[in-house]
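Colleague: When you get a sec, could you give me coordinates for this:
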Amino acid sequence: QVQLVQSGGGLVQAGGSLRLSCVASGRTFSDYMVGWFRQAPGKEREFLATISGAAYYADYSDSVKGRFTISRDNAKRTAYLEMRSLQPEDTAVYYCAAADGPLKRSGYPYWGQGTQVTVSS
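Modeller: Below is the predicted model of the structure:
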């Protein structure tokens, strides 16, 4: 089992930056990938980025590539999502998630509680 607790998020002006954190407990942290997703009101959940257990590999959606950076500190059991050049369309509830196996964009069984990110224009 994996438990994920998120922090960060909040209100930021357009063009600003935020960092989200996701602290894991349970299984050995480096054994699984961590992904970030978001869901805006009235929209489906969207994959953003994922990173392998040893942080050798990462994958990004085209919508955030170049603006968002995923990372992890296995010693701290924490994954991060650094978000830059935020725009109002980035407003959503952001989730971290964990899964086994090779990098993937869906099928994550473990989820954080979600954190609201609001970008004002």
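Colleague: so the residue nearest the centre of the chain bridges to which residues?
Modeller: Residue closest to the mean C-alpha point of the chain, counted by Cα atoms, centre = their mean, is Trp36 at 2.6 Å. Trp36 has these beta-bridge partners by DSSP bridges: Ala49, Cys96.
Colleague: Quick check: it vs Phe47, distance?
Modeller: Using Cβ to Cβ, to the nearest Å, Trp36 is found at 8 Å from Phe47. All C-beta spots, glycine's among them, are computed from the backbone N, C-alpha and C.
Colleague: again, but for Asp59
Modeller: 9 Å.
Colleague: With Thr78 instead?
Modeller: Taken as Cβ to Cβ, the spacing of Thr78 relative to Phe47 amounts to 20 Å.
Colleague: Then Val12?
Modeller: From Val12 over to Phe47 the distance is 22 Å, taken as Cβ to Cβ.
Colleague: contacting residues for the closest residue to Glu46 other than its chain neighbours?
Modeller: Using Cβ to Cβ, 6 or more residues apart in numbering and skipping the chain neighbours, the partner closest in space to Glu46 is Arg38 (5.4 Å). Counting by Cβ atoms under 8 Å, 6 or more residues apart in numbering, Arg38 makes contact with 45-46, 48, 90, 92-95, 117.
Colleague: Does Arg38 fall in a helix, a strand, or a coil region?
Modeller: Under DSSP: H, G, I helix; E, B strand; the rest coil, the three-state class of Arg38 is strand.
Colleague: Name the residues contacting each of Asp59 and Phe47.
Modeller: Between them, Asp59 and Phe47 share the contacting residues Arg105, judged by Cβ under 8 Å, 6+ apart.
Colleague: follow-up on the earlier one: can you tell me which of the contacts of Arg38 are in strands?
Modeller: The strands, defined by DSSP state E, take in 46, 48, 92-95, 117 from the contacts of Arg38.
Colleague: want to try a markdown table for the residues you listed, with pLDDT as columns?
Modeller: As requested, those are exported to a markdown table (pLDDT from 0 to 100):
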| residue | pLDDT |
| --- | --- |
| Glu46 | 98 |
| Leu48 | 98 |
| Ala92 | 98 |
| Val93 | 98 |
| Tyr94 | 98 |
| Tyr95 | 98 |
| Val117 | 98 |
